[in-house]
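**Student:** Here you go, sequence then predicted model.
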Amino acid sequence: MRSAISIPSNIAEGCGRKSVKEFNQFLSISMGSAFELETQMILAFEFGYVEKPILDQVITLLNEIQKMINGLQKSLGI
């Protein structure tokens, strides 16, 4: 699942940009990837590739990541 790699990669790339606006854009892409991964995990569960306890654990962690990205975006003051 490429979206799992995309989350931290976009945060890192955005951090290396010269403006806060650019950083915020990459955080938005990271957030999209987090929601994409959440959807992929739900589908993996629906298709029988992942068991419910694993799905629940991953969703909980993704929700924490989404909150952290949101908090970082708010701290940028944009």
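**Tutor:** Done, it's in. Numbering: from 1, shown residues only.

**Student:** pLDDT averaged over the longest helix seen in the chain, what's the number?
**Tutor:** Criterion DSSP state H: the longest helix present in the chain is helix 20-46. Across helix 20-46, pLDDT averages out at 97.

**Student:** For it, name the packing helices and strands.
**Tutor:** helix 2-15, helix 52-75 (3 or more CB pairs under 8 Å, 6 or more residues apart in numbering; DSSP states H and E). In short, each C-beta sits where N, CA and C put it, glycine included.

**Student:** got these as a markdown table, with mean pLDDT columns?
**Tutor:** Shown next, in a markdown table, are the helices and strands packed on helix 20-46 (pLDDT from 0 to 100):
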| stretch | mean pLDDT |
| --- | --- |
| helix 2-15 | 96 |
| helix 52-75 | 97 |
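
**Student:** Which among those helices is found nearest to G32?
**Tutor:** With CB to CB as the measure, helix 2-15 is the member of the helices and strands packed on helix 20-46 nearest G32 (8.5 Å).

**Student:** mind exporting that closest one as PDB, just the C-alpha atoms?
**Tutor:** Extracted C-alpha coordinates of helix 2-15, given in PDB (Å, rounded to 0.1, in the frame of the first residue of the first chain):
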ATOM      1  CA  ARG A   2       1.800   3.000  -1.300                       C
ATOM      2  CA  SER A   3      -0.400   5.400   0.700                       C
ATOM      3  CA  ALA A   4       1.300   4.200   3.900                       C
ATOM      4  CA  ILE A   5       4.700   5.300   2.600                       C
ATOM      5  CA  SER A   6       3.200   8.500   1.200                       C
ATOM      6  CA  ILE A   7       2.100   9.900   4.600                       C
ATOM      7  CA  PRO A   8       5.600  10.400   6.100                       C
ATOM      8  CA  SER A   9       7.200  11.000   2.800                       C
ATOM      9  CA  ASN A  10       5.000  14.000   2.100                       C
ATOM     10  CA  ILE A  11       5.500  15.400   5.600                       C
ATOM     11  CA  ALA A  12       9.200  15.200   5.100                       C
ATOM     12  CA  GLU A  13       9.100  16.700   1.600                       C
ATOM     13  CA  GLY A  14       6.900  19.500   2.800                       C
ATOM     14  CA  CYS A  15       9.200  20.200   5.800                       C
END
